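>>> Let's see this in three dimensions:
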Amino acid sequence: MNIQWYPGHMTKAKRAMKEDIKLIDLIIELVDARVPLSSRNPDIDDLGAGKARMVLLNKSDLADERLNGAWTEYFEALGCHVVKVNSKSGSGLKQINHVVQIACKEKIERDRRRGILNRPVRAMVVGIPNVGKSTFINSFAGKACAKTGNKPGVTKGNQWIRLNKSLELLDTPGILWPRFEDQQVGIKLALIGSINDEILNKDELAMELIRFLVKHYPNVLKERYGIETEEPFHILEEVARARSCLAKGGELDLIKASNLLIDDFRNGKLGRMTMEFPSKE
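Numbering: from 1, shown residues only. Predicted structure coming up:
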């Protein structure tokens, strides 16, 4: 299963970010807490060299809480300030202003020494498609100022949003990178909804999810669907039976069952789970 997706507007968006980065004090990077490494665009480290960094573990309510803590430690060890958030419910957002002030402490003090008072921190909000940037900005700002959607590619152009006297945000479109060298990255991004569903083979994707569940969260399939077997294809058939996914003639509709299983994962109906584990190194 070879997944690649890099539409043309992403090249243009990356060029715009390179220009805008000169104006920025802080990069706020949203990652999906279920796949914190795969949902980081590796280009951001180069673009943001020398800038203060904040990582928001978004959708942390859908991720394994034990691993949320481990990933927080991982990113802090890289020099990032970390906040666990749920952009939809607003959980964790109240901490952000305080953490911004800590992250930009040197810049604020440097301004003060120069006699520049109350210049707002300028932060660029970055993240891959469908990671929740627009929902975060809307929740954080308290009003719908960025378009939101549950499919990748809703925010097409950069826009400044003044939140208060001390903070301005630059929203950016979700961008991926031109090629996934590790196909497991592409599979994980497809599972969380960051790749256009229309280019995906959903039954193969569902099989990848089943293999992961059997290995790391073996009780989930039994609890959700009453399934005892560990053989991936048989599991998909059992999901189809359990959810009455039938095609004409009474045959099992495995595509429908695949979509249902993937949607259950994306919406947290399989329980809280994380698909990546911090390196022990």
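
>>> Please report phi then psi for the residue most central in space within the chain.
The chain has D32 as the residue nearest its centroid, 2.8 Å off, counting by C-alpha atoms, centre = their mean. Phi and psi for D32, reported as degrees, to the nearest 10, are phi -80, psi 120.

>>> what's around the nearest residue to it once chain neighbours are set aside, how many residues?
Counting by C-beta to C-beta, 6 or more residues apart in numbering, D32 lies nearest to S39, which is 4.2 Å off, once chain neighbours are set aside. Every residue, glycine included, has its C-beta placed from N, CA and C. Neighbourhood size, S39 [other C-beta atoms under 10 Å]: 26.

>>> Could you shift the numbering so residue one becomes 35, and keep it that way?
From this message on, residue numbering opens at 35, which makes the last subject S73.

>>> so M307 makes contact with N253?
No: M307 is not in contact with N253 according to C-beta atoms under 8 Å; the separation is 11.1 Å.

>>> Neighbour count: these two, which is higher?
M307 (17 against 9).

>>> what residues are up against the more buried one?
Residues near M307 by C-beta atoms under 8 Å, 6 or more residues apart in numbering: 68, 96-98, 247, 250-251, 254, 299.

>>> ditto for L304
247, 251, 254, 258, 298.

>>> measure the spatially closest residue to the fourth one that is not a sequence neighbour to N92 for me?
Right, R258. Excluding its sequence neighbours, the residue lying closest to R258 (C-beta to C-beta, 6+ apart) is L304, at 5.8 Å. Distance, L304 to N92, by C-beta to C-beta, to the nearest Å: 18 Å.

>>> and what of K48?
From K48 to N92 the distance is 21 Å (C-beta to C-beta).

>>> Going by residue numbers, what spans are helices in the stretch 85-234 of the chain?
With helices called from DSSP state H, counting those that start in this stretch, the stretch 85-234 of the chain shows them at 99-111, 130-137, 139-147, 167-175, 217-226.

>>> isn't L294 right next to C279, touching?
Yes: using C-beta under 8 Å, L294 is in contact with C279, at 6.6 Å.

>>> Would you mind listing the residues touching both of the two?
V273.

>>> where in the stretch 85-234 of the chain is pLDDT low?
Along the stretch 85-234 of the chain, segments meeting pLDDT under 70 span 177-192, 208-215.

>>> if you set the cut-off to 80 instead, what comes out?
176-194, 206-216, 230-231, 233-234 (pLDDT under 80).

>>> Narrow the contacts of L304 to those in strands?
Judged by DSSP state E, strands contain none of the contacts of L304.

>>> For ChimeraX, what selects the buried ones among those residues?
Applying 16 or more other C-beta atoms under 10 Å to the contacts of L304, the buried members can be selected in ChimeraX as follows:
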select :247,251,254,258,298
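
>>> Okay, now stretch 81-91: how far is its last residue from its first?
20 Å (C-alpha to C-alpha, to the nearest Å).

>>> what about that stretch, distance to the chain center?
Mean-position distance between stretch 81-91 and its chain equals 15 Å (C-alpha atoms, centre = their mean, to the nearest Å).

>>> so I289 is in which element?
helix 288-300 (DSSP states H and E).

>>> List of residues touching that helix?
So helix 288-300 is in contact with 225-227, 236-237, 239-240, 243-244, 258, 270-271, 273-274, 277, 279, 281, 303-304, 307, going by C-beta under 8 Å, 6+ apart.

>>> Buried subset of the residues you listed as a PyMOL selection?
Restricted to buried positions by 16+ other C-beta under 10 Å, the PyMOL selection for these reads:
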select buried, resi 225+226+227+236+237+239+240+243+244+258+270+271+273+274+277+279+304+307
